[in-house]
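S.K.: predicted model and sequence below, questions to follow.
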Amino acid sequence: RARSPTRGYLTCPILKVAAAAAPTASLPFDPVFGEMFGHFTLARAFCHPLCCTSLQRVYRRYWNPYQKTLDVGHRGLGKSHHKSRPEYRLSGIKENSLMSFIVAGMLGADFIEFDVLLTADRTPVVYHDMEIESSIQEEGDQSEGDPLVVGVHQLSLRQIERCRFAFKPKHPCRFKQLVHRHMDAILTYTENGRRLLRERLLRKKTPRLLRLLESIPTLKSLFYCIPSWVGFNIEIKYPIECKHSHLRGLREYELNAYIDRILECVFVHAGDRRIFFSCFDPDVCMLLHQKQPRYPVFFLTCAGTCTDFVDQRCLSIEQACSFAKAEGLQGIVTESTCILEDPMLASRIQRDGLIVITWGDKNTELDNVVRQKKMGVDGIISDNISDLTRMQGKSHNVFRDDLDLVGATLPRLLPVDKRMAEDFNAFRAK
């Protein structure tokens with residue numbers, strides 16, 4: 001009973017021993033005494049000329065054991081719409097935007113985490129939800145537009161770029177001044193990045209800066225606009241079984257074609273950037289691991305803190321570790337509660353050869369972050385990444401010193417003028 005060209009269910013009869021050696025018609029009893037039920041996933045090869053065909057550039061099995069715990073910015077600088085906890089402020093920069101990613105990298109994030117899914121014209125874009133709640137308007141129209149709630153897979157990239165998002169930062173005046181002040185530095189990261197950003201700025205007559213900050217970026221633009229020393233944790237956004245069951249059987253979400261399109265974008269534009277993949281869907285993780293040998297794949301799990309999943313592999317940290325080890329994945333990205341409750345859990349998972357990265361609302365608290373670093377957790381995904389790096393005295397990304405910067409022109413987000421730098425740090429402390 002096939003659900004799609006990629007996944008389905010199988011039911012096979014279990015025959016008695018005597019029935020297996022004799023014709024069914026001659027038996028005086030029913031030969032079938034049971035059934036075996038199974039789920040299958042069909043993996044098709046990812047054929048692309050840039051896909052690694054030698055072991056020269058395979059990073060999947062390499063993880064520096066002497067490397068400090070990585071600081072990973074959740075959606076860039078963190079959530080800007082819904083607070084993780086009442087006591088923490090929302091990000092002053094829109095989540096999952098180019099500006100949020102760039103600033104997070106400049107303020108100490110080693111990696112940035114973001115979700116990727118496909119539009120109707122098969123363009124990988126960075127967006128957290130399966131549906132867009134926005135308004136749509138004609139070019140040059142300054143009104144609020146018509147309300148729009150539609151699936152990302154139903155909109156083309158051009159239609160998404162026309163969507164209007166009502167985002168108001170907490171400190172609009174100071175925020176606007178800071179962005180204007182450092183825009184020249186941001187536009188000089190690379191030639192390609194400067195070109196892409198200027199195209200976005202010049203595409204709309206008014207307000208150009210606001211359109212840049214609120215637009216949904218493509219995955220391609222991230223590779224050219226974000227500093228090369230910032231790594232990417234690319235979470236493949238795929239419909240969850242309970243919440244989005246009506247989407248899983250659609251042609252737009254056919255697993256092989258869906259993953260291949262994202263992988264194609266990565267292999268064409270990634271260069272030497274540090275990347276690892278993650279996903280809540282176990283089948284997506286299996287296919288990502290089988291289709292390419294270059295980048296690590298992590299199984300993303302709620303560790304039993306969420307009831308949106310039916311698959312047994314998603315219901316506990318033990319099942320997640322067993323699945324990751326059986327499939328040869330690099331590690332797991334788990335909700336941090338179980339790690340904080342059991343100080344020895346991270347080391348036990350690591351002894352099984354798995355990397356441990358955590359996420360969750362509790363990672364917004366400095367004490368919890370410090371505790372996990374003492375436990376030896378390999379990476380921590382946090383919302384308020386700029387505050388955490390500042391409170392820990394971290395000045396910059398750990399990979400920035402590894403680059404060959406001889407003769408290179410480094411963009412500066414922080415101003416040279418001391419008074420302006422103090423003003424910038426005061427803004428971060430609010």
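M.R.: Okay, I see it. Being a predicted model, the structure only gives us computed values, none of them experimental.
S.K.: rest of the way, CA atoms for contacts and neighbours
M.R.: Noted.
S.K.: got the phi/psi numbers for Leu10?
M.R.: phi -130, psi 140 (degrees, to the nearest 10).
S.K.: excluding its backbone neighbours, what's nearest it?
M.R.: The shortest distance from Leu10 to any non-neighbouring residue, by Cα to Cα, 6 or more residues apart in numbering, is to Gly38 (5.1 Å).
S.K.: ok, that neighbour touching Tyr9?
M.R.: Yes. Counting by Cα atoms under 8 Å, Gly38 touches Tyr9, with 5.7 Å between them.
S.K.: so the residue nearest to Leu10 lies in a helix, does it not?
M.R.: No. Gly38 is assigned strand when assessed by DSSP: H, G, I helix; E, B strand; the rest coil, not a helix.
S.K.: tell me the secondary structure at the closest residue to Leu155 other than its chain neighbours.
M.R.: Leaving aside its sequence neighbours, Leu155 sits nearest to Ala120 (Cα to Cα, 6+ apart; 5.1 Å). In three-state terms, and counting by three-state DSSP, Ala120 is coil.
S.K.: Ala120 and Ala303: what is the separation?
M.R.: 33 Å (Cα to Cα, to the nearest Å).
S.K.: ok, the two, which is more surrounded?
M.R.: Taking neighbours as other Cα atoms under 10 Å, Ala120 and Ala303 compare with Ala303 leading, 22 against 15.
S.K.: mind listing what that one touches?
M.R.: Cys314, Leu315, Ser316, Ile317, Ala320, Thr334, Glu335, Cys338 (Cα atoms under 8 Å, 6 or more residues apart in numbering).
S.K.: quick one: it from Lys325, how far?
M.R.: In terms of Cα to Cα, Ala303 sits 16 Å off from Lys325.
S.K.: Phe37 is in contact with Leu10, isn't it?
M.R.: Yes. Applying Cα under 8 Å as the test, Phe37 and Leu10 come out as touching, 5.8 Å apart.
S.K.: mark which of the contacts of Ala303 are part of strands, please.
M.R.: Assigned to strands by DSSP state E, the following of the contacts of Ala303 qualify: Thr334, Glu335.
S.K.: most neighbours out of the contacts of Ala303, which is it?
M.R.: Result: Thr334 is most packed of the contacts of Ala303 (other Cα under 10 Å), 26 neighbours.
S.K.: bridged to that residue, which residues?
M.R.: Thr301, Thr358 (DSSP bridges).
S.K.: run through the strands of the stretch 301-430 of the chain in chain order.
M.R.: Remark: strands assigned in the stretch 301-430 of the chain by DSSP state E, counting those that start in this stretch are 331-335, 355-359, 379-382.
S.K.: export those to a markdown table and tack on distance to Ile14 and mean pLDDT?
M.R.: Output for the strands of the stretch 301-430 of the chain, formatted as a markdown table (distance: least, Cα to Cα, whole Å; pLDDT from 0 to 100):
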| stretch | distance to Ile14 | mean pLDDT |
| --- | --- | --- |
| strand 331-335 | 36 | 94 |
| strand 355-359 | 40 | 94 |
| strand 379-382 | 46 | 93 |
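S.K.: and those, which is most packed in?
M.R.: strand 379-382 (a mean of 28; mean count of other Cα atoms under 10 Å).
S.K.: from Ile112, how far out is the residue nearest to Leu70 when sequence neighbours are not counted?
M.R.: Taking Cα to Cα, 6+ apart, and ignoring the residues beside it in sequence, Leu70 has Gly379 as its nearest neighbour in space, at 4.3 Å. Distance of Gly379 to Ile112, computed by Cα to Cα: 11 Å.
S.K.: shared neighbours of these two, anything?
M.R.: By Cα under 8 Å, 6+ apart, the residues touching both Gly379 and Ile112 are Val72.
S.K.: report pLDDT for the residue lying closest to Gln312 once chain neighbours are set aside.
M.R.: Distances taken as Cα to Cα, 6+ apart put Gln319 closest to Gln312, at 7.0 Å, once the chain neighbours are dropped. In the predicted model, Gln319 carries a pLDDT score of 93.
S.K.: repeat for the one 3 residues further on
M.R.: The score at Ser322 is 94. That number is its pLDDT.
S.K.: give me the pLDDT for Lys204.
M.R.: 48.
S.K.: equivalent analysis for Phe277, please.
M.R.: 96.
S.K.: dump the residue contacts of it.
M.R.: Contacts of Phe277 by Cα under 8 Å, 6+ apart are Asn233, Ile234, Glu235, Ile236, Leu288, Tyr295, Pro296, Val297, Phe298.
S.K.: let's verify the fifth one: helix, strand, or coil?
M.R.: Three-state assignment for Leu288 (three-state DSSP): helix.
S.K.: surely it is in contact with Phe298?
M.R.: No. Leu288 lies out of contact with Phe298 (Cα under 8 Å); the separation is 9.6 Å.
S.K.: compare the two and say which is more crowded by neighbours.
M.R.: Taking other Cα under 10 Å, Leu288 and Phe298 do not tie; Phe298 has more neighbours (30 against 26).
S.K.: export the helix or strand the more buried one falls within as CSV, just CAs?
M.R.: Under the criterion of DSSP states H and E, Phe298 resides in strand 297-301. Output of strand 297-301 as CSV, limited to C-alpha atoms (Å, rounded to 0.1, in the frame of the first residue of the first chain):
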residue,chain,number,x,y,z
VAL,A,297,23.8,14.3,9.3
PHE,A,298,22.2,14.6,12.8
PHE,A,299,18.9,13.2,14.0
LEU,A,300,16.9,16.0,15.6
THR,A,301,14.8,14.8,18.5
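S.K.: that concludes my questions; thank you for your assistance.
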